[in-house]
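need a 3D model of the sequence below.
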Amino acid sequence: MTTNTQMQLTVRKVETTLFCISVLVLVALIRNLLETQLDQESGNNHFLRSKAAHPEGETRSLVFVKTVKTGSTTVQNILYRKALHENITVLFPAKKNKRRNPHLFSMLLPIQLSHVHRSALREKDKFLLNHFRMNYGSVNRMVNKSEAVYVTILRDIPDVLESRVSYFNFAKHLTLQSKRCPRREALEFVRHMLRNKKNHLNFTKFGSGVFTKSTLGNGYYFQLQPDLTLSDSRDDLSRVEDTIKTMDKQFDVVMITDQFEESLIVLKNYTSWPLDDFAYVMKMQRKPANCRLKSSLTHSEEKDYRRLAREYLAADERIYQHFKEKLRKQIAQLGKKYVSQKVRQLRDLNKKVAKECQFQKTFEQLSYKPGNLFSNVKVTNKSTLTEEQLQYCSEFILSDRNFCKYLTKIQNLRLKN
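Numbers count the residues shown, from 1 in each chain. Below you'll find the model as predicted:
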């Protein structure tokens with residue numbers, strides 16, 4: 001073999017090697033690009049969320065009947081953020097219904113079309129997310145059921161009753177002695193109400209507001225059955241089964257507070273939204289007093305309280321147990337292994353958001369509840385975040401009132417154009 005031929009072979013080997021290296025580098029670059037894109041889509045970069053058009057099949061209309069002291073404010077915050085990011089119109093109370101609480105519909109009557117801003121009703125994609133009394137005929141005309149997901153949330157009866165007694169400070173009206181021990185206050189409250197049931201049909205000593213009065217009795221029953229008066233909701237249990245059957249037809253998902261994360265995964269399945277949209281921080285939890293860290297009731301007292309609470313709110317108990325079982329079946333249909341996997345991913349997502357936003361849990365007073373402290377989060381070092389990052393993180397912190405005002409301002413500008 002001549003020297004010339006050897007040199008040619010050597011050059012070809014070098015060219016082949018360089019070509020192979022170039023191909024490998026190109027493949028690595030493409031792979032890295034794809035992985036980066038997938039990371040962003042799966043929520044690993046929360047601050048640079050895509051504002052592109054929503055994927056086909058995603059739910060663009062939704063109704064959330066917000067119930068009292070069930071974790072509903074946390075769910076509402078998730079849905080407010082979704083509406084904000086996707087330019088979905090939220091139906092808020094009309095001006096004539098605005099009093100001290102512009103984010104609340106009247107609980108005196110079941111919701112009507114006239115209770116909502118007319119300009120918002122003309123929009124195709126709509127969310128209805130507030131406290132209101134369910135009235136399917138009107139709600140269906142606002143947010144067409146055939147194109148929407150209908151949701152509400154329920155909490156176990158002994159726990160929701162304790163939370164209501166504490167939040168509305170019912171104990172002071174009965175001169176109970178167990179201040180700052182909500183579980184014992186709730187026990188004394190339910191004993192008192194069952195002893196004096198016939199003498200307290202009007203509950204005048206607890207104030208005049210229908211919203212507050214409705215929480216003294218079967219609040220789920222009253223809010224979700226439009227044909228009931230306040231008095232009926234306490235004494236007439238004849239329509240409980242009809243209410244359950246009607247709810248079964250109307251609601252796609254009835255979330256259960258004790259299975260909050262699992263409920264969100266079931267809701268995700270109905271809406272086809274990405275998991276990123278369900279990141280949350282728990283809001284409006286009471287600051288635990290010393291006697292809440294460990295139950296202030298003995299074992300026998302706790303057992304007695306649970307029995308009495310379920311007896312006192314018998315209608316709500318039946319509604320709760322039915323939909324707790326229905327959620328169990330929905331989880332089973334999705335597959336327990338799948339739901340558990342998604343719950344773990346959601347927890348990891350929440351930790352990642354909390355870390356990126358530098359959240360610190362805090363407890364703060366609300367202007368309309370000066371005697372109580374409720375959970376929220378705050379950003380510990382705003383100077384390290386960009387304007388876009390701070391905007392994203394601040395959305396988790398907004399109270400329901402302030403988010404309502406913020407969205408209303410944005411929507412009014414959009415609807416005028």
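
let me see the ranges of the strands in the stretch 251-400 of the chain.
253-256, 359-366, 369-379 (DSSP state E, counting those that start in this stretch).

contacts only, for the residue most central in space within the chain.
Closest to where the C-alpha atoms of the chain average out (C-alpha atoms, centre = their mean) is Val75, at 0.7 Å. With contacts defined as C-beta atoms under 8 Å, 6 or more residues apart in numbering, Val75 is in contact with 64, 66, 151, 153, 255. (Glycine included, C-beta is placed from N, CA and C.)

could I get these in CSV, plus columns for pLDDT, neighbour count and secondary structure?
Putting the contacts of Val75 into CSV (pLDDT from 0 to 100; neighbours: other C-beta atoms under 10 Å; DSSP: H, G, I helix; E, B strand; the rest coil) gives the following:
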residue, pLDDT, neighbour count, secondary structure
Phe64, 98, 23, strand
Lys66, 96, 23, coil
Val151, 98, 24, strand
Ile153, 98, 23, strand
Met255, 98, 25, strand
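
closest one of the residues you listed to Val339?
Met255 (13.4 Å; C-beta to C-beta).

run through the bridge partners of that closest one.
Per DSSP bridges, the residues bridged to Met255 are Ile153.

residue contacts, it?
Met255 neighbours (C-beta under 8 Å, 6+ apart): 71, 75, 151-154, 263-264, 266-267, 327.

let's see it at 10 Å
64, 67, 70-72, 75, 151-155, 262-264, 266-267, 323, 327 (C-beta atoms under 10 Å, 6 or more residues apart in numbering).

and for Thr229?
222, 235-236.

going along the chain, name the strands of the stretch 101-250 of the chain.
Going by DSSP E, counting those that start in this stretch, the stretch 101-250 of the chain shows strands at 126-128, 149-154.

packing partners of the shortest one?
For strand 126-128, the packing partners by 3 or more C-beta pairs under 10 Å, 6 or more residues apart in numbering; DSSP states H and E come out as strand 62-65, helix 72-86, strand 89-90, helix 118-121, helix 136-142.

if you average pLDDT over each of those, which is lowest?
If you rank the helices and strands packed on strand 126-128 by mean pLDDT, helix 118-121 sits at the bottom with a mean of 84.

ok, back up a step: biggest separation within the contacts of Val75, which pair?
Across the contacts of Val75, the longest distance by C-beta to C-beta is 11.2 Å; it joins Lys66 and Met255.

overlap in contacts, these two.
Joint contacts of Lys66 and Met255 (C-beta under 10 Å, 6+ apart) are 72, 75, 151-153.

how about CSV for those, with distance to Lys361 added?
What follows is the shared contacts of Lys66 and Met255, written out as CSV (distance: C-beta to C-beta, whole Å):
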residue, distance to Lys361
Ser72, 20
Val75, 19
Val151, 26
Thr152, 27
Ile153, 22
